[in-house]
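Chemist: Below are the sequence and a predicted model for it; my questions follow.
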Amino acid sequence: MSDPDVPENKSADSVDDVVGSANEGLDAAAAARADVPPADGAADAVDPDLEAFAAAERDHPGTFLTTEQAAAAADAGTEPVAATDAVGPAEEYVDSTGPVPADSVDTSVHTTSVADTAYAAPAVDSAAETQVVPAEPVAPPPVVAPQPIFVQAPEPPRELGNRATAGAIGLLAMVSFAILYLGAILGIGAAEGTVTVENVGTAAVAPLSTWSFWVPVVIFYIAFWLLGAIINRGRWGHWVIFGLFVGAAAYGGHLLGQLFQAPFWRLTPTEAVELLEQQAFAPLAIAAFLFARELTIWFGAWVARSGARKKELNAEAQAEYERTLEAGPSALR
């Protein structure tokens, strides 16, 4: 491929003079560097080729073109001359006096000069201006309505009863009544002469297998527990007054026990009436009444004391319940 026609460069002799002067400057700079020690810091060292280029440019101002000028010369039909022998393959020297023949152009050398690369000011885009862009308004976070907290209302306190306590204490009262009633049987038998020292053991065991002994004992317990269920947490005075009914129940239990002991299903009505008349004022019937009456008073005091304690506990629980309701839901969490 043939080279394009390039107008004859009328200033070729001046370019040779410039290149020769540049070579001499490079030789002088190399000799000076050999005698001068290098700087302490790497940042203070200057490229020797750049020094030679700057010296040549100072000696011959206007002789070298920048990259933009070289591009303008190329558009005009000329090409820059590469002075590779003067400064090396990385720098370019362009003759500004006229076109250069195409045979003297080294097309393998880059057209960017070292001076342009080293001393060119950073490009500034004048069209780019600092603009203050207002920040987009940030939407406030959505307001979340507080979730309702459902709190179960406390149940009113359950009152403590005293009926179970009365039943438990009634068992002890029943055992006491049975011992006293058996003692009364043995005492009456000893008074009548039927119970002696020799047969006291047998006489004490014999009533334990009879209706006449257990019926009044069981009826006493039932009457005592029923009275305790009615009085519940009542005062001891209630036991003192209504203990008469327990004594009457024990008295009736004695009469009923005699009928079961007969037994009443073998008796005629007349015989049953006569038996009841005989036992109505019998010492053992009166003893059953008195024992039941006294035991109800004393064991009833025990039940009444327990009932008073239950009252205090119920009052404290009720007061605590009312305080909780007055405090509101915050106290129920």
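Modeler: Nice, thanks for sending it over. Numbers count the residues shown, from 1 in each chain.

Chemist: got any ranges where the chain has weak pLDDT?
Modeler: For the chain, the stretches with pLDDT under 70 are 1-135, 150-151, 329-333.

Chemist: for the strand or helix carrying residue 183, which positions count as buried?
Modeler: Residue 183 is part of helix 163-192 when elements are defined by DSSP states H and E. Neighbour counts over helix 163-192 (16 or more other Cβ atoms under 10 Å) mark 163, 165-167, 169-170, 173-174, 176-178, 180-182, 184-185, 189 as buried. From N, CA and C alone the C-beta is placed, and that goes for glycine too.

Chemist: now swap in stretch 140-149 and tell me
Modeler: Of the residues in stretch 140-149, none is buried (16+ other Cβ under 10 Å).

Chemist: ok, residue 194 touching residue 202?
Modeler: No: between residue 194 and residue 202 there is no contact under Cβ atoms under 8 Å: 10.9 Å.

Chemist: what are the ranges of the helices in the stretch 151-300 of the chain?
Modeler: Secondary structure of the stretch 151-300 of the chain (DSSP state H, counting those that start in this stretch): helices located at 163-192, 200-205, 211-231, 236-261, 269-280, 283-327.

Chemist: Nearest to residue 140, out of those helices?
Modeler: Nearest of the helices of the stretch 151-300 of the chain to residue 140, taken as Cβ to Cβ: helix 283-327 at 35.8 Å.

Chemist: Run the angle between the closest one and helix 269-280 for me.
Modeler: Put simply, helix 283-327 runs at 80 degrees to helix 269-280, going by axes from the mean of the first three to the mean of the last three Cα atoms, to 10 degrees.

Chemist: what helices or strands is helix 283-327 leaning on?
Modeler: helix 163-192, helix 211-231, helix 236-261 (3 or more Cβ pairs under 8 Å, 6 or more residues apart in numbering; DSSP states H and E).

Chemist: need those helices in CSV with distance to residue 146, can you?
Modeler: Below are the helices and strands packed on helix 283-327 laid out as CSV (distance: least, Cβ to Cβ, whole Å):
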stretch, distance to residue 146
helix 163-192, 48
helix 211-231, 52
helix 236-261, 56
